[in-house]
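Asks: how would this look folded up:
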Amino acid sequence: MVEIVPAQTPTANEKDYTWEYVYSPKAQSFTVTYVDDTTGEELTDHDFTLSGVTDRSYAKTLASDKWDYAAAGYVLDTDQNATDPLDSLSGTFGATNVNVVVCLKHGTTTQEETGTSTYTVNCTGAANNPTSQPQTIDYTRTNTVDTMTGLVTAYGDWSVTGDRTSFTSIMTPVVTGYVADKASSTVDNATPSEGTAESDTVTYSPVGTVTITKPGGTATTAAYTNDQSDTTKVTSFSVPAVAGYSAQVTGATLQSDGTYLPDSPTQASTVTYTADPQSFTVTYVDETTNTTLTDHGLTLTGVTAGSYADQLASDKWDYAAAGYKLDTAKNATDPLSELSGTFGAQNAGVTVYLTHQTSTTTQTQTITRTINYLDPTTKELTSLTQTAELTRTVEEDLVTGAKTYSQWTTDT
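Replies: Residues are numbered from 1 along each chain as shown. Coordinates of the predicted model:
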């Protein structure tokens with residue numbers, strides 16, 4: 001400690017005297033303060049003060065008291081401290097000693113994060129619904145983590161770790177007896193950054209049926225057949241042909257190939273049959289004159305399987321009453337008598353071949369011849385009478401009334 005020597009005015013009677021000054025080191029100290037620049041807070045629990053005197057060492061005290069902030073997760077805030085200010089200290093107290101502030105910030109570490117995006121198709125509605133294997137996209141990113149708080153301070157960009165980078169639509173499986181509401185599932189191309197669990201639902205419904213009712217009332221019902229190329233559709237069906245009948249189809253539309261496509265794959269359709277119109281003609285031919293008797297021809301009309309018996313009975317011609325008879329060389333029997341009386345799927349016209357009936361009568365005629373004899377002796381006249389019986393036949397055409405005569409003949 002330095003004391004100022006007081007001012008003094010010497011006199012002649014004074015003796016010489018000597019002032020002796022002894023220097024001792026002054027007490028010194030400075031504080032070390034840690035500041036968390038990340039939060040703006042002073043870390044008072046770790047501050048300390050170095051105390052001593054001028055020119056004395058504080059290196060050991062500093063070494064024992066300074067804080068291992070790195071072990072606590074801090075790093076120097078190099079924007080404030082180019083280097084650790086404690087490393088720059090001399091280790092000895094000077095005449096003056098400035099407090100030291102160590103500016104810190106939270107340390108960081110990297111952390112790998114993995115994720116998986118999934119896409120699943122759920123099927124419903126069928127007795128045995130298909131199951132689909134979910135599509136997955138695996139990805140990773142490197143995040144920055146605050147070592148003090150354990151919180152992520154910065155997220156890295158996702159990157160795919162496998163070959164799949166997006167989800168793809170899935171064709172809907174065909175389930176026999178069912179149609180789906182969509183031919184393929186729909187999907188938003190999920191990217192790794194989404195980390196989504198995406199799904200779509202396919203709903204199945206039973207296919208419709210076609211009921212075919214044949215003439216006579218026999219009915220069969222069958223389910224539509226699945227279209228193997230599109231699970232939302234069914235294929236067209238064939239309608240059996242029934243000779244003499246026309247099919248009436250409801251709930252389906254005729255296609256260019258003759259089959260019928262259901263208007264709705266889940267709605268029923270029906271096939272019924274109506275009898276086709278039928279007719280045939282009866283023609284009478286006069287073989288004697290080789291002419292067609294148009295005044296007596298007739299046409300029978302109706303539908304398949306319908307009866308024409310009453311119509312035939314009322315309209316057919318009584319040709320015998322008109323003098324005709326069957327031409328047995330052409331008709332062994334009357335072809336009208338052989339008809340079934342019911343229209344078939346096909347009905348051929350009928351021709352009745354006739355010839356004229358005839359009647360034969362015999363005409364007779366007596367021829368008398370008288371021979372007169374004059375007796376030359378007696379001069380008497382004697383008469384001799386001779387008679388001859390002549391016959392001939394008369395054939396009459398009962399149709400025309402024309403008669404044909406044979407030659408007169410005698411028995412003797």
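Asks: is residue 325 in a bridge, and if so with what?
Replies: For residue 325, the beta-bridge assignment (DSSP bridges) gives partners residue 355.
Asks: isn't it up against residue 352?
Replies: No - contact between residue 325 and residue 352 fails when scored by CB atoms under 8 Å: they sit 10.8 Å apart. In short, each C-beta sits where N, CA and C put it, glycine included.
Asks: buried set for the helix or strand harbouring residue 285?
Replies: If you go by DSSP states H and E, residue 285 is part of strand 277-286. Buried residues in strand 277-286, counted by 16 or more other CB atoms under 10 Å: 278, 280, 282, 283, 284, 285, 286.
Asks: thinking again about what came up before, give me the more crowded residue out of residue 325 and residue 352.
Replies: residue 352 (22 against 14; other CB atoms under 10 Å).
Asks: hang on, the earlier thing: centre of the chain to the strand holding residue 285, how far?
Replies: 54 Å (CA atoms, centre = their mean, to the nearest Å).
Asks: can you list the helices and strands that that strand packs against?
Replies: strand 291-292, strand 298-303, strand 350-356 (3 or more CB pairs under 8 Å, 6 or more residues apart in numbering; DSSP states H and E).
Asks: can you give me the angle it makes with strand 298-303?
Replies: 170 degrees (axes from the mean of the first three to the mean of the last three CA atoms, to 10 degrees).
Asks: direction included, what does strand 277-286 pair against?
Replies: strand 291-292 (antiparallel), strand 298-303 (antiparallel), strand 350-356 (parallel).
Asks: contact partners of the longest one?
Replies: Put plainly, it is strand 350-356. By CB atoms under 8 Å, 6 or more residues apart in numbering, the residues outside strand 350-356 that reach it are 280-288, 293, 319, 323-327, 329-331, 334-336, 339, 397-400.
Asks: just the buried residues of those.
Replies: 280, 282-288, 293, 319, 323-324, 326-327, 331, 339, 399.
Asks: next up, the contacts around the nearest residue to residue 206 once chain neighbours are set aside.
Replies: Using CB to CB, 6 or more residues apart in numbering and skipping the chain neighbours, the partner closest in space to residue 206 is residue 178 (5.9 Å). Residue 178 makes contact with 125, 126, 204, 205, 206, 207, 226, according to CB under 8 Å, 6+ apart.
Asks: hmm, 6 Å instead?
Replies: 126, 204, 206 (CB atoms under 6 Å, 6 or more residues apart in numbering).
Asks: chain neighbours aside, what residue packs nearest to residue 400?
Replies: Going by CB to CB, 6+ apart, residue 400 has residue 356 as its nearest residue, at 7.1 Å.
Asks: and for residue 345?
Replies: Counting by CB to CB, 6+ apart, residue 345 lies nearest to residue 244, which is 3.0 Å off, once chain neighbours are set aside.
Asks: cool, and residue 73?
Replies: The shortest distance from residue 73 to any non-neighbouring residue, by CB to CB, 6+ apart, is to residue 147 (3.7 Å).
Asks: phi first, then psi, for that neighbour.
Replies: According to degrees, to the nearest 10, the main-chain angles of residue 147 amount to phi -70, psi -20.
Asks: where does the protein have low pLDDT?
Replies: For the chain, the stretches with pLDDT under 70 are 1-8, 16-17, 19, 189-193, 412.
Asks: let me see the domain layout of this structure.
Replies: 27-106, 109-205, 209-273, 278-355, 359-410 (automatic domain parsing).
Asks: quick one: these as a markdown table, columns for distance to residue 11 too.
Replies: As requested, the domains of the chain are exported to a markdown table (distance: least, CB to CB, whole Å):
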| stretch | distance to residue 11 |
| --- | --- |
| domain 27-106 | 39 |
| domain 109-205 | 76 |
| domain 209-273 | 133 |
| domain 278-355 | 173 |
| domain 359-410 | 209 |
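Asks: of these, which is nearest residue 20?
Replies: Residue 20 lies closest to domain 27-106 among the domains of the chain, at 21.0 Å (CB to CB).
Asks: for that closest one, the distance to its chain's centre please.
Replies: 78 Å.
Asks: end to end, how far does that domain reach?
Replies: Terminal residues of domain 27-106 lie 36 Å apart, using CA to CA, to the nearest Å.
Asks: stretch 286-294 now?
Replies: End-to-end distance for stretch 286-294, by CA to CA: 10 Å.
Asks: same deal with stretch 286-302?
Replies: Distance between the two ends of stretch 286-302: 28 Å, counting by CA to CA.
Asks: which residues touch whatever helix or strand residue 270 lives in?
Replies: Element membership of residue 270, judged by DSSP H and E, is strand 269-275. Here strand 269-275 makes contact (CB under 6 Å, 6+ apart) with 210-213, 215, 239, 242, 245-252, 262, 303-305.
Asks: at 8 Å instead, please
Replies: Contacts of strand 269-275 (CB under 8 Å, 6+ apart): 208-215, 239, 242, 244-252, 260, 262-263, 303-306.
Asks: for that strand, list the C-alpha coordinates in PDB.
Replies: Output of strand 269-275 as PDB, limited to C-alpha atoms (Å, rounded to 0.1, in the frame of the first residue of the first chain):
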ATOM      1  CA  SER A 269     -83.800 -58.600 -66.300                       C
ATOM      2  CA  THR A 270     -86.500 -60.800 -67.800                       C
ATOM      3  CA  VAL A 271     -87.000 -62.700 -71.000                       C
ATOM      4  CA  THR A 272     -90.500 -63.800 -72.100                       C
ATOM      5  CA  TYR A 273     -91.800 -65.100 -75.400                       C
ATOM      6  CA  THR A 274     -94.800 -64.100 -77.500                       C
ATOM      7  CA  ALA A 275     -96.300 -66.200 -80.200                       C
END
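Asks: buried set for it?
Replies: Buried, per 16+ other CB under 10 Å, within strand 269-275: 269, 270, 271, 272, 273, 275.
Asks: now distance to residue 171 too, for those residues, in JSON lines please.
Replies: Listed next are the buried residues of strand 269-275 as JSON lines, based on distance: CB to CB, whole Å:
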{"residue": "269", "distance to residue 171": "27"}
{"residue": "270", "distance to residue 171": "33"}
{"residue": "271", "distance to residue 171": "32"}
{"residue": "272", "distance to residue 171": "38"}
{"residue": "273", "distance to residue 171": "40"}
{"residue": "275", "distance to residue 171": "47"}
